[in-house]
Structures are given as C-alpha cells and as structure tokens.
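In: quick one: sequence and predicted model below, then my questions.
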Amino acid sequence: MQRERLAEELRAYGSSFTELGRRFAVSLGVHSTDAFALLEISAAEAQGTPLSPVLLSKRISLSSGAMTALLNRLERAGYISRTREHTDRRIVTLRSSNDVKEIADSYFEPLNTQQDAILSQYPPQLLRQFETVLAELRASMDAHLTPDRLRSDGAPNRAEAQERPGGNRA
C-alpha cells in the first residue's frame, strides 16, 4: 500500500514537473521537448559535465535525426552553441547561451526558493536517504526502459510482462 501511495505522489510530481516544463517552453516560444533539452544542457553545464548531442539524446530519447533538428532550432534561436572542446575534435559539446541561463534562472527561482524552504525543514540525513531512494527508483525505471526490454511501440515485451507477478503495475 505504501508503494502505491509513494508511486502516486511521484506520478503527481512528475505531472506537475512536466506542466512546469511546458509552461517554460511557452515562455520561450519553443516546443516542450526543446525546453526540456535546454534544461538538460544547462543542468549538465552547471554540474561541470556538459553534454554532447549523443548524451542529450539518451536523456530525452530522441533519434539522431530528431536531435539534429532540435539542436538546429535551438541554435538558430540563439539558445545554444555547439563547440568542439574535446581532444577528440569529432565530439561536439553543447553550451547554453547566457540569455537562456538568465531566462531559466528568473523563471525557476521562485519555485527553487520555495523548495529550498521546504527541504530545509528536514534533517540532512533524511534528505540523503531520500536522494538514495529516488536514485534507486530512477535506476529501476531506467532499467525497465532499456531498449531490449521494450517492443518498438514502447510496451514491455510480452514474455517479460507475463513473467512479472501482478502484471505491469508501476
């Protein structure tokens, strides 16, 4: 029962996060997939690990052709640049523009402030445990989504679905 309650809260949070991303996209005048790509690019840069188009396509599940079209749109809009910083000059690094960083900071700052206030009410040890639980849940989801576990339409392979007790509950 607790798994179901937690799963419901995670689904609801995910839905709210998706809506927030959609609204951010509208504020930029881009498609929501483009906005999510921008957020991934900016977050990776902030963590000191900028993305390549290949890594970005793994994070937002786009084909090579669709990723190229998305990056072309973002580059034309002035939101990103593609550079060759790696010793292997074939590797392209994605960088977000200062303008998009400022727009994103302005857009998300009120929510970040509210979330920081909420999180500050909990002891650091509990938050570390929560991070661990979320990381393990995400790893479980990522493993479930690996290409060899899914049919071309995104549904689980029939044999695997039948192996799981209780069907395909999330």
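Out: Received the coordinates, thanks. Numbers count the residues shown, from 1 in each chain.
In: mind listing what's buried along the lengthiest helix in the chain?
Out: The longest helix of the chain (DSSP state H) is helix 2-28. Applying a neighbour-count criterion of 16 or more other Cβ atoms under 10 Å, one finds 21, 24, 25, 28 buried in helix 2-28. No exception for glycine: its C-beta is placed from N, CA and C like everyone else's.
In: which of those residues lies closest to residue 124?
Out: Nearest to residue 124 out of the buried residues of helix 2-28 is residue 21 (Cβ to Cβ; 28.5 Å).
In: against residue 83, how distant is that closest one?
Out: In this view, residue 21 and residue 83 are 25 Å apart by Cβ to Cβ, to the nearest Å.
In: just residue 51 next, same as before
Out: Applying Cβ to Cβ to residue 51 and residue 83 gives a distance of 12 Å.
In: element containing residue 48, please.
Out: Under the criterion DSSP states H and E, no helix or strand holds residue 48.
In: which ones are touching it?
Out: Residue 48 makes contact with no residue under the criterion Cβ atoms under 8 Å, 6 or more residues apart in numbering.
In: all further residue positions should be reported with the first residue as 124.
Out: All set: I'll call the first residue 124, so the last point we hit is now residue 171.
In: tell me the strands in the protein, going along the chain?
Out: Secondary structure of the chain (DSSP state E): strands at 203-206, 216-219.
In: so how far is the last one off the chain centroid?
Out: Read that as strand 216-219. 16 Å (Cα atoms, centre = their mean, to the nearest Å).
In: likewise for the first one?
Out: Using Cα atoms, centre = their mean, we find the averaged C-alpha position of strand 203-206 to lie 19 Å away from the chain's own average C-alpha position.
In: neighbouring strands for it, and are they parallel or not?
Out: strand 216-219 (antiparallel) (DSSP bridges).
In: now do the partner strand: everything it contacts.
Out: Contacts for strand 216-219 (Cβ under 8 Å, 6+ apart): 161, 164-165, 167-168, 173-176, 179, 194, 202-209.
In: which among the residues you listed count as buried?
Out: Counted by 16+ other Cβ under 10 Å, these give 161, 164-165, 167-168, 173-176, 179, 194, 202-203 as buried.
In: quick one: which of these is nearest residue 223?
Out: For those, the nearest to residue 223 is residue 202 (4.5 Å; Cβ to Cβ).
In: tell me which of the buried ones among the contacts of strand 216-219 is nearest to residue 254?
Out: residue 167 (18.3 Å).
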